[in-house]
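Novice: give the three-dimensional model of this entry:
(one chain, ligands or ions: 1)
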Amino acid sequence: MNSIPSSEVLIIGAGPAGLMLANILGMYGRSVTVLEARDELIDYPRGVGLDDESLRTIQTVGLVDTVLPHTAPQHIMRLVNGSGKTIMINNPQTREFGWDRKHAFIQPEVDKALYAGLAQYPNINVHFGHLVEDVIEDAAGVTAIARVTNADGTETEHRFSAQYLVGCEGGKSPTRKRMGVSFEGDSPSTRWLVVDVDNDPLGTPNVFLGADPKRPYVSIGLPHAVRRWEFMLHDHEDESVVTSKEWVAEMLKDHVPDPHNLSYIRRRVFTHHGRVAGSFRKGRQLIAGDAAHLMPVWMGQGWNSGMRDATNLGWKLTSVLTGTAGEDILDTYTSERKDHAKAMVDLSMTLGSVIKITNPLAVAARDAASSVLNLFPSAKSYFSDMRFKPMPRYTAGVLADPTTQASGTAAAKLTSKLIPVKTANRKVSPVGVQFPQPRVNSQLDENLLLDDVIGNWWTVLVWGNDPKDVLPAHSIKALEALGAKLVALVPETQREWAQEHMSEDVLVLGDHTGAVKKWFDERPTPMIFLRPDRFVAGACLHQHGPATLQAILDSMGSAADHSPSKAQDSALAV
Ligand SMILES: O=C(O)CCc1cccc(O)c1
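Specialist: This next block holds a predicted model:
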């Protein structure tokens, strides 16, 4: 038995959620051990859609340049009926978070880029071929017992200890089972055959969902000449038969001019699941990615939901480990992520049930209903602009929202003290939603993405004013202890003046497109407390700033001493 020096966090599973979480923790200077049972990363495509929220996180961890070459932006999805007529199109054009809403991507290449990104952090170690067989948890931490099969066939036991453990081992997650939490939902019995080739015989981009009552199918053009088809299987069709080259060639004959010379990456059968864990945390153990939720492929949200988990959890674990938040903040990981994951599961299941219809009467009703809906621009844009996609909007967690805060909480008590004024628009609260990522000018450069200038930790954004002029000294002190960056967003016309006249340590950014002013005009809360994951924790008028900040700190179960550790200091200087 070997004991390995301990780290702060143990991650089990080097899939996308685990790799992204390790990148985020590495960026914040934390020490992490990743244990992966396989000998290498999975090398065949699974997820095919990468969204703007994920790309924003990839940008934060500095890996956009290595990820983008494996993506195709403006990934359009068309739902076509049995006669090939488009009955729904999903083609969102906005770039609210700084990136195209949807990208096709090659998952193995992007996962590889996430893995390669870890090499820059001295405190991150990844061990392949380590199968975790048990975990012991006590008041001081967790110890994972892993079995390693050596080259000569003998086996060795290794023990790894840490303060927290995050299971990212996929849907069958042993961590989730050890935690004893439920995994409720449905696993429809419908099986699908997935075929991936790397010499795409068609070459057309984008996604076609074929709601063909004879046999529903999917055809997706992916980067690097990869094409994915999926075919719904009938109950009597045997797995060993449908995965044969002959059967697949027969299936493809309506989809490909010549289905015989295809270079297959993989032919496999899978079923969809729509499940969410009852809790994402128990004590010192947490779960993320497919371990916490499984959803059908239709919205392309499985991979992206894992990215959202890592984005939500990474800064919270860091806050606990560095003493800027109490351990209870980890419970907000469940409260913030679970409902959204459930909404994604439900939407994906619904879309799947529309595609899978085979009953002729129901098919006719669906096609007629979609024709009518397409006559109405608002209904049509609901689908094409992807307004049906549930966007995370936290109502409880690390935030202080006078419009939604649950009664009885510390934040509610404080925010109830805020004196309302007539011009403050309290109906459109940006609290709990992701802040947009506009382009801005700085003293050093022009047309920069906001996140690239504000860094990766807490930020206070103030429209048109110096945060140090509009917040009292005790609030500034608390923000310094939190490691927050102070930012003044001003019209570009005022930027040089503001740089000369505002406090030296305030970052002044110019709004050269007018998008920032428009945003603040629509939500008259000129002071924004932005969390490290780019979600708005508080939004208020200047005079409400101190109470709002205090409420946010209370919602973090903040330790009395907010000063970040030395290690965090250096990590925050990114
Ligand atoms: O991200 C997307 O738009 C593709 C979602 C999708 C749809 C159907 C099958 C599949 O594997 C992914």
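Novice: poorly predicted segments of the chain, please.
Specialist: Applying pLDDT under 70 to the chain flags residues 372-373, 375-384, 405-416, 420-427, 559-574.
Novice: care to break it down by domain?
Specialist: 2-71+104-182+276-336, 191-271, 396-573 (automatic domain parsing).
Novice: looking at those domains, spot the one closest to I355.
Specialist: domain 191-271 (4.9 Å; C-beta to C-beta). (Each C-beta comes from the backbone N, C-alpha and C, glycine too.)
Novice: just the endpoints, please. Distance across the closest one?
Specialist: From its first residue to its last, domain 191-271 covers 5 Å (C-alpha to C-alpha, to the nearest Å).
Novice: what's the answer for stretch 61-81, then?
Specialist: Using C-alpha to C-alpha, first and last residues of stretch 61-81 are 41 Å apart.
Novice: rewinding a little: pick the most buried one from the domains of the chain.
Specialist: Mean neighbour count (mean count of other C-beta atoms under 10 Å) peaks for domain 2-71+104-182+276-336 among the domains of the chain, with a mean of 21.
Novice: which strand in the chain has the most residues?
Specialist: strand 155-167 (DSSP state E).
Novice: what's in contact with stretch 508-520?
Specialist: The set of residues external to stretch 508-520 that reach it, using C-beta atoms under 8 Å, 6 or more residues apart in numbering, is 436, 438-443, 446-447, 450, 453, 463, 487-492, 494-495, 498-499, 502, 526.
Novice: between the domains of the chain, which gets nearest to T358?
Specialist: Taking the domains of the chain one by one with C-beta to C-beta, domain 191-271 is closest: 4.7 Å.
Novice: does the closest one come close to the ligand?
Specialist: Yes. Domain 191-271 reaches the ligand (C-beta under 6 Å from any ligand atom) through 207, 209, 218, 230.
Novice: give the helix, strand or coil label for the residue of the chain positioned farthest from its centre.
Specialist: Going by C-alpha atoms, centre = their mean, the residue of the chain most distant from its centre is D152, 41.0 Å out. Secondary structure, DSSP: H, G, I helix; E, B strand; the rest coil: D152 is coil.
Novice: same question, A341
Specialist: Going by three-state DSSP: A341 is helix.
Novice: from G483, how far out is it?
Specialist: For A341, the distance to G483 equals 29 Å [C-beta to C-beta, to the nearest Å].
Novice: flag every residue of the chain that's near the ligand.
Specialist: 48-49, 75, 77, 102, 207, 209, 218, 230, 297-298, 300.
Novice: now the two most distant members of these.
Specialist: K102 and E230 (17.9 Å).
Novice: just to revisit the earlier point, V363: which of the domains of the chain is closest?
Specialist: Using C-beta to C-beta, the domains of the chain put domain 191-271 closest to V363, at 4.6 Å.
Novice: and that closest one, how far out from the chain middle?
Specialist: Put simply, domain 191-271 sits 28 Å off its chain's centre (C-alpha atoms, centre = their mean, to the nearest Å).
Novice: helices and strands around the longest strand of the chain, which ones?
Specialist: Packing partners of strand 155-167 (3 or more C-beta pairs under 8 Å, 6 or more residues apart in numbering; DSSP states H and E): strand 2-12, strand 32-35, strand 141-149, helix 174-179, strand 285-287, helix 302-321.
Novice: please identify which of these is closest to H236.
Specialist: Using C-beta to C-beta, the nearest of these to H236 is helix 302-321, at 28.4 Å.
Novice: check contacts around the residue in the stretch 101-250 of the chain that the ligand sits nearest to.
Specialist: In the stretch 101-250 of the chain, the residue that lies nearest the ligand is V218 (4.3 Å; C-beta to the nearest ligand atom). Residues near V218 by C-beta under 8 Å, 6+ apart: 207-210, 228-231.
Novice: how about it, secondary structure?
Specialist: Per three-state DSSP, V218 ends up strand.
Novice: same question, T403
Specialist: Taking three-state DSSP, the label given to T403 is coil.
Novice: how about it, nearest residue that isn't a chain neighbour?
Specialist: S429 (4.4 Å; C-beta to C-beta, 6 or more residues apart in numbering).
Novice: one more: S182?
Specialist: That would be G278: by C-beta to C-beta, 6+ apart, it lies 3.8 Å from S182.
Novice: same deal with D134?
Specialist: I145 (4.6 Å).
Novice: check contacts around the residue in the stretch 201-350 of the chain positioned nearest to the ligand.
Specialist: Closest residue of the stretch 201-350 of the chain to the ligand, C-beta to the nearest ligand atom: G300 (2.2 Å). By C-beta under 8 Å, 6+ apart, G300 lies in contact with 47-49, 51, 75, 77, 102.
Novice: just those: which are in helices?
Specialist: Assigned to helices by DSSP state H, none of the contacts of G300 qualify.
Novice: closest to I357 out of these?
Specialist: M77 (17.6 Å).
Novice: what's the burial count for the closest one?
Specialist: 24 (other C-beta atoms under 10 Å).
Novice: bridged to it, which residues?
Specialist: Taking DSSP bridges as the rule, M77 bridges to N90, V207.
Novice: report the contact partners of it.
Specialist: By C-beta under 8 Å, 6+ apart, the neighbours of M77 are 89-91, 102, 206-207, 209, 300.
Novice: closest to A478 out of these?
Specialist: When the contacts of M77 are compared against A478 (criterion: C-beta to C-beta), the nearest one is K102, at 39.5 Å.
Novice: for the closest one, give me its contacts.
Specialist: Contacts of K102 (C-beta under 8 Å, 6+ apart): 49-52, 73-77, 90, 92, 300, 386.
Novice: still on that earlier bit, now the two most distant members of the contacts of G300.
Specialist: G47 and M77 (14.1 Å).
Novice: touching, R215 and W229? I think so.
Specialist: No. R215 is beyond contact range of W229, at 11.3 Å (criterion: C-beta atoms under 8 Å).
Novice: strands of the stretch 301-450 of the chain, start to end?
Specialist: 439-440, 448-449 (DSSP state E, counting those that start in this stretch).
Novice: other SSEs contacting the first one?
Specialist: Using 3+ C-beta pairs under 8 Å, 6+ apart as the contact test, the elements touching strand 439-440 are strand 448-449, helix 450-454, strand 507-511.
Novice: and it, which strands flank it?
Specialist: Using DSSP bridges, the strands paired with strand 439-440 are strand 448-449 (antiparallel).
Novice: run through the residues that contact the closest residue to the ligand within the stretch 451-574 of the chain.
Specialist: Proximity to the ligand, evaluated over the stretch 451-574 of the chain using C-beta to the nearest ligand atom, is greatest for R534 at 21.7 Å. Residues near R534 by C-beta under 8 Å, 6+ apart: 56, 60, 97, 434-435, 437, 451.
Novice: ok, 7 Å please
Specialist: 56, 434-435, 451 (C-beta atoms under 7 Å, 6 or more residues apart in numbering).
Novice: how about L313?
Specialist: 21, 286, 288, 333.
Novice: so which residues of the stretch 351-500 of the chain form helices?
Specialist: 360-373, 377-384, 410-415, 450-454, 467-470, 473-482, 495-501 (DSSP state H, counting those that start in this stretch).
Novice: summarise which helices and strands the fifth one is packed against.
Specialist: In terms of contacts (3 or more C-beta pairs under 7 Å, 6 or more residues apart in numbering; DSSP states H and E), helix 467-470 is packed against strand 485-491.
Novice: direction included, what does the strand it packs on pair against?
Specialist: strand 459-463 (parallel), strand 507-511 (parallel).
Novice: now these as TSV including distance to G170?
Specialist: Formatted as TSV, the strands paired with strand 485-491 follow (distance: least, C-beta to C-beta, whole Å):
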stretch	distance to G170
strand 459-463	34
strand 507-511	41
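Novice: chain neighbours aside, what residue packs nearest to the residue of the stretch 1-150 of the chain found nearest the ligand?
Specialist: For the stretch 1-150 of the chain and the ligand, the shortest gap (C-beta to the nearest ligand atom) falls at G49, measuring 2.0 Å. Spatially, and ignoring its direct neighbours in sequence, G49 is nearest to G300 (2.5 Å; C-beta to C-beta, 6+ apart).
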